[in-house]
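S.K.: Sequence first, predicted model second:
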Amino acid sequence: MKVRVSDHCASFLAPARRGCEWDGSKYGNDYPGAHSIVDIREVVSGVGVDDLLPQQSLALASDELVALLGSATPTIEDWERIGGVKAEELWEYEADRDSARHLVLWGESEPELVVFWGHSGD
């Protein structure tokens with residue numbers, strides 16, 4: 001599977017999550033957790049979002065994919081079809097700070113694109 005940056009993802013995720021202010025250090029958090037996608041060290045599935053550890057990214061479950069994109073194996077076309085309409089709903093599937101969520105978008109016969117989102121640890 002090739003991993004690539006896509007304008008489709010950038011435009012879909014453009015609406016920023018509002019009200020994300022934290023007390024603590026000037027960066028919003030004194031915990032030295034993951035601060036970008038580069039700091040995600042493990043991709044997991046089959047655990048609850050409450051069991052997600054710092055620096056892990058949790059795949060959306062099949063039922064979450066169906067609710068969000070209408071398919072357990074969504075395609076790039078599914079992603080493009082819903083566009084920004086469901087961008088805010090994506091945040092309903094968020095993880096705690098220092099971790100991420102992700103989903104795989106399929107091409108004709110294999111995974112083609114991985115979409116990550118979440119909040120940094122800083």
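M.R.: Yep, it's here. Everything numeric here is computed off the predicted structure, so don't read it as measured data.
S.K.: neighbours of G70, just the number please.
M.R.: G70 sits with 12 neighbouring residues when counted by other Cβ atoms under 10 Å. All C-beta atoms are positioned from the backbone trio N, CA, C, and that covers glycine.
S.K.: just checking, it touches D78?
M.R.: Yes. At 6.3 Å, G70 counts as touching D78 under the criterion of Cβ atoms under 8 Å.
S.K.: where do the contact lists of these two overlap?
M.R.: Here G70 and D78 have no joint contacts, going by Cβ atoms under 8 Å, 6 or more residues apart in numbering.
S.K.: Got phi/psi on W106?
M.R.: Here is the backbone geometry of W106 (degrees, to the nearest 10): phi -100, psi 150.
S.K.: Next one: it from V114, what distance?
M.R.: Distance from W106 to V114, counting by Cβ to Cβ, to the nearest Å: 11 Å.
S.K.: Would you map the strands across this structure?
M.R.: In the chain, the strands defined using DSSP state E lie at 42-44, 56-59, 99-106, 111-119.
S.K.: any chance of those in a markdown table, plus mean neighbour count and mean pLDDT?
M.R.: Formatted as a markdown table, those follow (neighbours: other Cβ atoms under 10 Å; pLDDT from 0 to 100):
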| stretch | mean neighbour count | mean pLDDT |
| --- | --- | --- |
| strand 42-44 | 13 | 91 |
| strand 56-59 | 21 | 92 |
| strand 99-106 | 20 | 91 |
| strand 111-119 | 19 | 88 |
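S.K.: I'd like these as a markdown table, with distance to S36 appended.
M.R.: Shown next, in a markdown table, are the strands of the chain (distance: least, Cβ to Cβ, whole Å):
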| stretch | distance to S36 |
| --- | --- |
| strand 42-44 | 15 |
| strand 56-59 | 12 |
| strand 99-106 | 10 |
| strand 111-119 | 10 |
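S.K.: Which of those sits closest to W91?
M.R.: strand 111-119 (7.8 Å; Cβ to Cβ).
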